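1. Sequence and computational prediction follow.
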Amino acid sequence: MALLMGTGCASSPPRPVEPAAEPALDYGQRVRARIEAARREPHVLVRHNPAPCGCPPFEVMLGGFWHRVAFDVRDEEDPTVVALSEAARDAPPEAVATWRVAGHLDDVLSTCGRGTVVVSLRPAELVP
């Protein structure tokens, strides 16, 4: 009987080896790819969209998706952040106001709230 089992295995044709599929990009890698693409543009689109979960109140549009954004500034009186905050305060509540902001997007991600990804933006100016 052992002989039969041994010959049965030996007579099986070898299976072709399939190439390993590339692993799917994780969410962080997709966000970093969107950041890289957005760096080629002169500005990014930002909107005020406060969240009750302790996340930053602004979001940035990257690759067709809104992402929470934290402003990388030395002090809270940064002129661009102040201008953006004032514009958000003065916008009609029923409107979804957006602004163009020039600056530098960093590819280091953080999280807030319940694990929401936060992108970092060092703003340079509010674009008219």
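-> That came through fine.
2. Give the residue spans of the protein that score low on pLDDT.
-> Judged by pLDDT under 70, the chain has its weakly predicted residues at 1-24.
3. Can you tell me which residue is spatially central in it?
-> For the chain, the residue nearest the mean C-alpha position is Val31 (3.3 Å; Cα atoms, centre = their mean).
4. Surely that one is in a helix?
-> Yes - remark: Val31 belongs to a helix, assigned using DSSP: H, G, I helix; E, B strand; the rest coil.
5. hang on, isn't it packed against Arg68?
-> No - between Val31 and Arg68 there is no contact under Cβ atoms under 8 Å: 10.5 Å. Bear in mind the C-beta positions are built from the backbone N, C-alpha and C, glycine included.
6. Mind listing the shared neighbours of those two?
-> Val117, Val119 (Cβ atoms under 8 Å, 6 or more residues apart in numbering).
7. Which strand runs longest in this protein?
-> Criterion DSSP state E: the longest strand present in the chain is strand 98-112.
8. Just list what that one packs against, helices and strands only.
-> Judged by 3 or more Cβ pairs under 8 Å, 6 or more residues apart in numbering; DSSP states H and E, the packing partners of strand 98-112 are helix 27-38, strand 44-48, strand 58-62, helix 79-90, strand 116-127.
9. now the nearest residue to Arg39 once chain neighbours are set aside, which residues is it bridged with?
-> Nearest non-adjacent residue to Arg39, counting by Cβ to Cβ, 6 or more residues apart in numbering: Leu105, 5.9 Å away. On the basis of DSSP bridges, Leu105 is bridged to Leu121.
10. Near Leu105, how many other residues are there?
-> 22 (other Cβ atoms under 10 Å).
11. Isn't it up against Pro123?
-> No - using Cβ under 8 Å as the test, Leu105 is too far from Pro123 to be in contact (10.2 Å).
12. hmm, back to that, and the helices and strands packed on strand 98-112 as JSON lines, adding distance to Ala97?
-> Conversion of those to JSON lines gives the following (distance: least, Cβ to Cβ, whole Å):
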{"stretch": "helix 27-38", "distance to Ala97": "20"}
{"stretch": "strand 44-48", "distance to Ala97": "7"}
{"stretch": "strand 58-62", "distance to Ala97": "11"}
{"stretch": "helix 79-90", "distance to Ala97": "7"}
{"stretch": "strand 116-127", "distance to Ala97": "12"}
